[in-house]
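coords below, sequence missing:
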DNA sequence: TGTGGCGGCGCGACA
DNA sequence: CGCCGCCACA
């Protein structure tokens, strides 16, 4: 009965993917083939039909948004029976495990999670400790290299052993120092969340055994985007029961730069020789021309598993093409098409999306949309939680929760300005490094010592304010805590005094932060058995949340985002803009064959987001870095058979089906 | 110590 | 072009 309703309306392949519950299973799911549906129904089938307890199931995705959607749909199918199943991201799963188990690795449970900026600052500090000049050794490059090692699952010692040139040797030494600084700060970066979890499982088999026993059924979404260390983690988790289902599409692998490794799919069939393979090749999303055009582009890749996508949505419009004179003309064309579609076809703005290769390309579109008063949303770019004022406010919470972390302290020590400048901070830093003290204690020494002159009392007052806040705030929810902090520190007053439009914008962002904290508290009433405070849970959430997660697709606004961000979404009308050599494919990948193939897959991803109408545009001339340059139409455009395309005119569009 | 001006450089995508 | 970091000056 329940089984019938769970399997209802599924095609034979989808059905097979749902019903094959035991043993390793590889689902090759093309774009728009109903992959999420299969995952959701598979979870429901396991619980509702096979009688597997919800706690024994783990489903992992890459974004919180995807996890949230999946959780919602499972709950809709099963009701309360779905409670206890873990549907989460790699990073959130690891944080939850590490918050319980990190003691084994010598850190404490209140560890901080560093974002890219924090991490970069620690790399700079590591360089300083090595006496290296940051101008000669680009910190960003080093951070990148360390991240690559982490994605590959290599610790500093292993990185040092694998180093084949002087650059890597030096980088591995910086890596070692960087890790020591993080440990001293009781902090982990993004890469560590995964890497340290695999370390935990490797070094403490009894801990690994606990989680292996718990999760009898493991599912991994977007498997083509996993990197080596995630592969290792998955093996560790599913090693005992081997009921491992991975779902992916090699043609949509677009995170090579993040360490994603297509070998994971090949190795999967090698490591689990009894793997069942299911191919989902029927596309339910796009019209024929769109699907054929996208397939024709990706077919130019050499490193590729053969796959034949098909759709029954024959007919529909051809793919539109437009060659603009420059980026302004391109943006005007796009807005004109959106306005026409709204006026003449009754389309909502929310049905339209603009995808570009790089975030910097959003500007002309934003300007035109503003000019014509068309509501829009830019998804991605500078994350909300990375804005300076938001990070400042959160840093107070972090400094209270994790007193060992110098990063939070550095941020807040002089914001709002309280007369503790660079010189004072440097004196404390040096003291901390020399004596092996936490920065906070070094600051206390500075406050006590008379030699510091008049700054001593100021530092003392700051530390006192901090401990006062700790006492006041620990029992409060995140919103009340933040409000109290912004008040007591004079942060709000300082911004209000400025009175500039920029300051007003910052105040607005802080109000948004408070609203977000309230929403969080409302949605996360403390569950019994969770010994972490609401403030701590809130900090985890903001460390792991992305711009996309908060994005509401249904809103009556045009969506602007990169092709990467668009992955997993779909829209009736899609504009893929800036289709020029050097932009898409990007100049950094153009000479490297593997890089070029990844660009092509990204193009495939962008095109297959469209349900009914796909418009590709390029500009003959474009301003970059403030100067003009001529552009050639992207090679990807010429890879679409001309029988599938038409140059865009401005007549009313043909009838739709 | 805080601020404002200037010069240099970057824009590749992300949890 | 726009942002960040550095330096001169109040």
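That came through fine. Note that the coordinates shown come from a computational prediction; the quantities given were computed from them, not determined experimentally. Numbers count the residues shown, from 1 in each chain, chains lettered A, B, ... in the order given.

which residues in the stretch 401-550 of chain A form helices?
With DSSP state H, counting those that start in this stretch as the criterion, the stretch 401-550 of chain A has helices at A:406-412, A:422-435, A:439-448, A:455-473, A:478-488, A:491-498, A:501-523, A:534-544.

other SSEs contacting the last one?
In other words, helix A:534-544. Packing partners of helix A:534-544 (3 or more Cβ pairs under 8 Å, 6 or more residues apart in numbering; DSSP states H and E): helix A:90-101, strand A:112-114, helix A:388-401, helix A:478-488, helix A:501-523. Bear in mind the C-beta positions are built from the backbone N, C-alpha and C, glycine included.

And the third one, by the same measure?
For helix A:439-448, the helices and strands in contact under the criterion 3+ Cβ pairs under 8 Å, 6+ apart are helix A:406-412, helix A:422-435, helix A:455-473.

Out of those, which is the most enclosed?
Looking across those with neighbours counted as mean count of other Cβ atoms under 10 Å, the highest average goes to helix A:406-412: a mean of 24.

residues touching the one residue sitting closest to the centre of chain A, list them.
For chain A, residue A:546 is the residue whose C-alpha lies nearest the centre (Cα atoms, centre = their mean; 5.4 Å). Taking Cβ atoms under 8 Å, 6 or more residues apart in numbering as the definition of contact, the neighbours of residue A:546 are A:63, A:64, A:65, A:380, A:383.

Leaving out chain neighbours, which residue sits closest to the last one?
Beyond its immediate neighbours in the sequence, the residue positioned closest to residue A:383 (Cβ to Cβ, 6 or more residues apart in numbering) is residue A:547, lying 5.4 Å away.

so the one you found touches residue A:384, yeah?
Yes. Under the criterion of Cβ atoms under 8 Å, residue A:547 makes contact with residue A:384 at 6.7 Å.

out of those two, which sits in the busier spot?
residue A:547 (19 against 16; other Cβ atoms under 10 Å).

Look up phi and psi at that one.
phi -60, psi -40 (degrees, to the nearest 10).

what's the answer for residue A:312, then?
With angles defined as degrees, to the nearest 10, residue A:312 shows backbone torsions of phi -100, psi 10.

For the nearest residue to it once chain neighbours are set aside, give the beta-bridge partners.
Nearest in space to residue A:312, with sequence neighbours left out and distances taken as Cβ to Cβ, 6+ apart, is residue A:282 at 7.8 Å. According to DSSP bridges, the partner residues bridging residue A:282 are residue A:310.

Report pLDDT for residue A:282.
Per-residue confidence (pLDDT) for residue A:282: 96.

ok, it to DNA strand B distance?
28 Å (Cβ to the nearest atom of the strand, to the nearest Å).

State the helix or strand in which residue A:37 lies.
In this structure, residue A:37 is located in helix A:35-48 according to DSSP states H and E.

Tell me which helix or strand comes right after that helix.
Assignment by DSSP H and E places the next element after helix A:35-48 at strand A:57-61.

Spell out which strands sit alongside that next one in the sheet and which way each one runs.
Applying DSSP bridges, you get strand A:86-89 (parallel), strand A:217-220 (parallel) as the partners of strand A:57-61.

Just the buried residues out of the contacts of residue A:546, in PyMOL syntax.
Typed into PyMOL, the next command selects the buried ones out of these (criterion: 16 or more other Cβ atoms under 10 Å):
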select buried, chain A and resi 63+64+65+380
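
residues near whatever residue of the stretch 201-350 of chain A ends up closest to DNA strand B, how many?
Ranked by Cβ to the nearest atom of the strand, the top residue of the stretch 201-350 of chain A for proximity to DNA strand B is residue A:257, at 3.3 Å. With neighbours defined by other Cβ under 10 Å, the count for residue A:257 comes to 15.

the longest strand in chain A is where?
As assigned by DSSP state E, the longest strand anywhere in chain A is strand A:610-619.

Flag every buried residue along that one.
Here strand A:610-619 shows A:610, A:611, A:612, A:613, A:614, A:615, A:616, A:617, A:618, A:619 as buried, counting by 16+ other Cβ under 10 Å.

what about it, near DNA strand B?
No. Remark: strand A:610-619 sits outside contact range of DNA strand B, by Cβ under 7 Å from any atom of the strand, the gap being at least 13.9 Å.

Listing partners with orientation, what would you give for that strand?
Within its sheet, and counting by DSSP bridges, strand A:610-619 is paired with strand A:319-324 (parallel), strand A:571-576 (parallel).

Provide the contact partners of stretch A:118-129 at residue level.
If you take Cβ under 8 Å, 6+ apart as the criterion, stretch A:118-129 is touched by A:112, A:114, A:133-134, A:137, A:139-140, A:142-143, A:146, A:174, A:177-178, A:181-182, A:185, A:187, A:189-190, A:407, A:410, A:433.

Of those residues, which ones also sit close to DNA strand B?
Among the contacts of stretch A:118-129, the ones lying near DNA strand B by Cβ under 7 Å from any atom of the strand are residue A:190.

Inside strands: which ones of the contacts of stretch A:118-129?
With strands identified by DSSP E, the entries of those that belong to them are A:112, A:114, A:187, A:189.

ok, back up a step: ok, now which ones touch the residue nearest to residue A:312?
Remark: with contacts taken as Cβ under 8 Å, 6+ apart, residue A:282 is in contact with A:11, A:13, A:33, A:34, A:309, A:310, A:311, A:312.

What is the neighbour count of the fourth one?
Neighbouring residues of residue A:34 were enumerated by other Cβ under 10 Å; the total is 22.

Contacts only, for it.
A:10, A:11, A:14, A:280, A:282, A:284.

Need the distance between the two termini of stretch A:536-552.
26 Å (Cα to Cα, to the nearest Å).

Check which residues of it are buried.
By neighbour count on 16+ other Cβ under 10 Å, the buried set for stretch A:536-552 is A:536-549, A:551.

Contacting DNA strand B as well, which ones from those residues?
By Cβ under 7 Å from any atom of the strand, the members of the buried residues of stretch A:536-552 lying near DNA strand B are A:544, A:546, A:547, A:548.

Mean confidence (pLDDT) on stretch A:617-631, please.
With pLDDT averaged residue by residue, stretch A:617-631 scores 88.

make that stretch A:83-90, sorry
94.

chain center to that stretch, what's the gap?
Taking Cα atoms, centre = their mean, to the nearest Å, one finds stretch A:83-90 lying 17 Å from the centre of the chain it belongs to.

and the end-to-end length of it?
Taking Cα to Cα as the measure, stretch A:83-90 stretches 19 Å from start to finish.

What of stretch A:153-166?
First-to-last distance for stretch A:153-166 - Cα to Cα - comes to 21 Å.
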